[in-house]
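Novice: Sequence and predicted structure, then a few things I'm wondering about:
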Amino acid sequence: MPNRISANFQLFIRKIIRRFEGLFVLAKQILSERNFIYLSCVAVSISCALAVIVLKSFAHNVFLFANYLNTYLKLPYSNSILPIIGILLTVFVVRRFLSGKLEKGSSHILHSVAKKGGLIPKKQMYAQIITSSLTVGLGGSAGLESPIVITGAAFGSNFALKYKLSQKDRILLLACGVAAGIAAAFNAPIAGVLFAVEVVLTDVSISAFIPIMISAATGALVSQMILSSDVLLSFSKEQHFNFHNTPYYILLGILAGFFSVYHARNFRKVEHYFNKFKKRPYRKALFGATILAILILFFPTLFGEGYESIKTLSTNHPEILLNNTILKNHKSNEWILLAFVGITALLKSFATGLTLGSGGNGGNFAPSLFVGSYLGFFVAKSINLLGISNPLPIANFTIVGMAGILSGLFHAPLTAIFLIGEITGGYDLMVPLMIVSSISFAVSKRFEKHSMDVKSLADKGDVFTSDKDKNILQSIDFLALIKTDIKTITIENTLENLIEYLSTSNQEIFPVLDEKEKLVGIVNFNDIRSTIFNSFRVKYSTINEILKQPIDNVHYDDGIEVVMEKFETTNLNTLPVIKYGKFFGFISKIDILEVYREKLKEMIIE
């Protein structure tokens, strides 16, 4: 009986999906291309917003459940066990249902846009929701925003694929899904638009803003209609800026920049350490999750996204953070609270690295806000306790600190400024937000050329999203452009043989090879015109006398940037390609530039 009910329910869902698909097929036939994109971005946004609602609601309810166990059932520290369960379940789902592989982090979106034309695997539409809800929902010290962004991008990409839209429209809908995800997660539509444009897209025209804005507004609207304010990160308290505090905001910006570098590097170290355990996923998960559980045992605010503790820090009673900790009897001691906050901020990078490195799924967006709020609180509280100046507004510094770390980690100052501006319900703190975000970005950029998302890709030479030209170059497969059907000659050949080759082909450059197929020189038709039209010289000259050593050559495993650099330094249009020490073919600069031009047209979203 249950199986029959389940089968009937699945059949019902399929019928509904088919009807919706039929409506969109009809809409595509009736509507203009631009109007269909508007309709599509709304559909993608609603799907993404519903995914956000599921994820956020699950994570929030598990947090409340953990607090219930701790407080009402008199089972202190029980929430430290939940992350172990969550990470182990995540590893099980990945291995059992997702072919043992799950792409984590929004860097994969950047790679997809730059090198795959915006194509994202279909499984990312559900894999991120399931795995991140298990990891973060059950207390893993990471954020849900990265899985949300990947899910939104996957919705947009696969929607475009389903209805056979062009590559430009596919990338546009991918960005729409990203914007809707951020907007829905924070009820911050402007931040959603800026994140999509500032972080994901390499180039965008003004007209492309319309679908992205529609998507962000739709995502925020659906989220606001369904999610309660308790689930979202928001601050209803009015905040005001006092220009006398500017020097301290400058100090916060500098510290935020250095702290961003500290967080990023420690996170990578922990994550790289766990790469040694690739062949033992469950042992790795248990090992990492156990260490995480110990950290949460002593610092419970590391549990989950940590948004509740951010809200607590901005209130008049931040000492509540010490509830359910071994320091709960010292809540009245402000120095102990300050030390607790400072140590927690330092440990967050390790906790997030343990969560993701051991096999969990999540991102660094929420941890950046967590660390920023703790840093802002620490700076303002320290100055107040030391009596260096008039009392600083701790809530303001707690809020502005979030923008500092977000800007420093992701190199996205505009997103940071407007995100915090929107979740605080106003722009009274716009000036300090701009000060802290810009300074943090400048300091972080000085020590980390690439943002946290791009760093891993940049290390492999895959993508540089801040440079459109490099993005396009990286997407070109120069190996496919190598001409291998080349007629070659040897030292033993005569000029008569060469003239015969010239008369039967359009080839102008001939590689001269030895008996081991190694390149010993090149004969260029333009260089030997005077020789081949002189019968005496043809008869008595040898190949060895007319060949020239190549100025440079390309190796088969050279990257596209190296190839273009060699073209620039040699000022040549054609270079020989060497593979395993032997001549392989020729690569033409003109062919590469032609492909570049076509890809440039494809990647500019209009």
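Specialist: Arrived safely.
Novice: low-scoring pLDDT stretches of the stretch 401-550 of the chain, where are they?
Specialist: Applying pLDDT under 70 to the stretch 401-550 of the chain picks out residues 425-426, 456-475, 529-530, 532-534, 536-540.
Novice: Could you check how far stretch 168-188 is from the centre of its chain?
Specialist: What separates the centre of stretch 168-188 from the centre of its chain is 13 Å, taken as C-alpha atoms, centre = their mean, to the nearest Å.
Novice: now do stretch 286-297
Specialist: Taking mean C-alpha positions (C-alpha atoms, centre = their mean), stretch 286-297 and its chain are 26 Å apart.
Novice: same check, this time on stretch 89-96
Specialist: Chain-centre distance of stretch 89-96: 23 Å, with C-alpha atoms, centre = their mean.
Novice: List the buried residues of that stretch.
Specialist: 89-91, 93-94 (16 or more other C-beta atoms under 10 Å). For the C-beta atoms, the positions are set from N, CA and C on the backbone; glycine is no exception.
Novice: Neighbours of N323, how many?
Specialist: By the criterion of other C-beta atoms under 10 Å, N323 has 14 neighbours.
Novice: Quick check: closest non-adjacent residue to it.
Specialist: K331 (7.6 Å; C-beta to C-beta, 6 or more residues apart in numbering).
Novice: May I have the residues that are in contact with the one you found?
Specialist: Counting by C-beta atoms under 8 Å, 6 or more residues apart in numbering, K331 touches 319-320, 322-323, 337.
Novice: Rounded mean pLDDT for the longest helix along the chain, please.
Specialist: Longest helix in the chain, counting residues (DSSP state H): helix 33-71. Helix 33-71 shows a mean pLDDT of 81.
Novice: start the count at 18, not 1, going forward
Specialist: Yes, from this point I'll number from 18; that puts the last item at helix 50-88.
Novice: Report all helices and strands that it contacts.
Specialist: helix 19-47, helix 141-152, helix 162-179, helix 184-203, helix 226-243 (3 or more C-beta pairs under 8 Å, 6 or more residues apart in numbering; DSSP states H and E).
Novice: what comes up buried for stretch 270-290?
Specialist: For stretch 270-290, the buried set under the neighbour-count rule, 16+ other C-beta under 10 Å, comprises 270, 272-281, 283-285, 287-288.
Novice: Looking at these, spot the one nearest I434.
Specialist: Relative to I434, the closest of those is G270; by C-beta to C-beta it sits at 12.1 Å.
Novice: S245 belongs to a helix, doesn't it?
Specialist: No - assessed by DSSP: H, G, I helix; E, B strand; the rest coil, S245 does not belong to a helix; its assignment is coil.
Novice: if I look at I199, how far off is G421?
Specialist: Using C-beta to C-beta, to the nearest Å, I199 is found at 18 Å from G421.
Novice: Looking at these two, which is more packed in?
Specialist: Set I199 next to G421 and count neighbours by other C-beta under 10 Å: G421 wins out with 40 against 30.
Novice: Tabulate the CA atom coordinates of the helix or strand encompassing the more buried one in CSV.
Specialist: According to DSSP states H and E, G421 maps onto helix 411-427. Output in CSV follows, covering the C-alpha atoms of helix 411-427 (Å, rounded to 0.1, in the frame of the first residue of the first chain):
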residue,chain,number,x,y,z
ILE,A,411,29.6,48.3,19.9
ALA,A,412,26.6,47.3,17.8
ASN,A,413,27.7,49.5,15.0
PHE,A,414,31.2,48.1,15.0
THR,A,415,29.8,44.5,15.1
ILE,A,416,27.7,45.2,12.1
VAL,A,417,30.3,47.1,10.1
GLY,A,418,32.9,44.4,10.8
MET,A,419,30.9,41.9,8.8
ALA,A,420,31.3,44.1,5.7
GLY,A,421,35.1,44.3,6.3
ILE,A,422,35.7,40.5,6.4
LEU,A,423,33.3,39.8,3.5
SER,A,424,35.0,42.4,1.4
GLY,A,425,38.5,41.1,2.3
LEU,A,426,37.7,37.5,1.7
PHE,A,427,35.7,37.7,-1.5
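Novice: Just after it, pick out the following helix or strand.
Specialist: Counting by DSSP H and E, what follows helix 411-427 is helix 430-440.
Novice: Can you say which helix or strand has G117 in it?
Specialist: Counting by DSSP H and E, there is no helix or strand that carries G117.
Novice: before we move on, back to that, so which elements touch the helix holding G421?
Specialist: helix 263-291, helix 324-330, helix 382-403, helix 430-440, helix 447-464, helix 469-476.
Novice: now those helices in CSV, with distance to L363?
Specialist: Shown next, in CSV, are these (distance: least, C-beta to C-beta, whole Å):
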stretch, distance to L363
helix 263-291, 8
helix 324-330, 15
helix 382-403, 9
helix 430-440, 21
helix 447-464, 17
helix 469-476, 17
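Novice: who wins for proximity to S64 among those?
Specialist: Comparing the helices and strands packed on helix 411-427 by C-beta to C-beta, helix 382-403 comes nearest, at 20.2 Å.
Novice: Which positions in that closest one come out as buried?
Specialist: 382-398, 400-401.
Novice: buried residues in stretch 352-361?
Specialist: By neighbour count on 16+ other C-beta under 10 Å, the buried set for stretch 352-361 is 354-355, 357-359, 361.
Novice: Which of the contacts of K348 scores worst on pLDDT?
Specialist: Scanning these for pLDDT, the smallest score is found at N340, 81.
Novice: Among the contacts of K348, which one lies nearest to K466?
Specialist: Taking C-beta to C-beta as the measure, K466 sits nearest to L354 out of those, at 37.0 Å.
Novice: and that closest one, what is it in contact with?
Specialist: 335-336, 338-339, 348, 398.
Novice: which one of those residues is nearest S150?
Specialist: Proximity of the contacts of L354 to S150 (C-beta to C-beta) peaks at L338, which lies at 25.3 Å.
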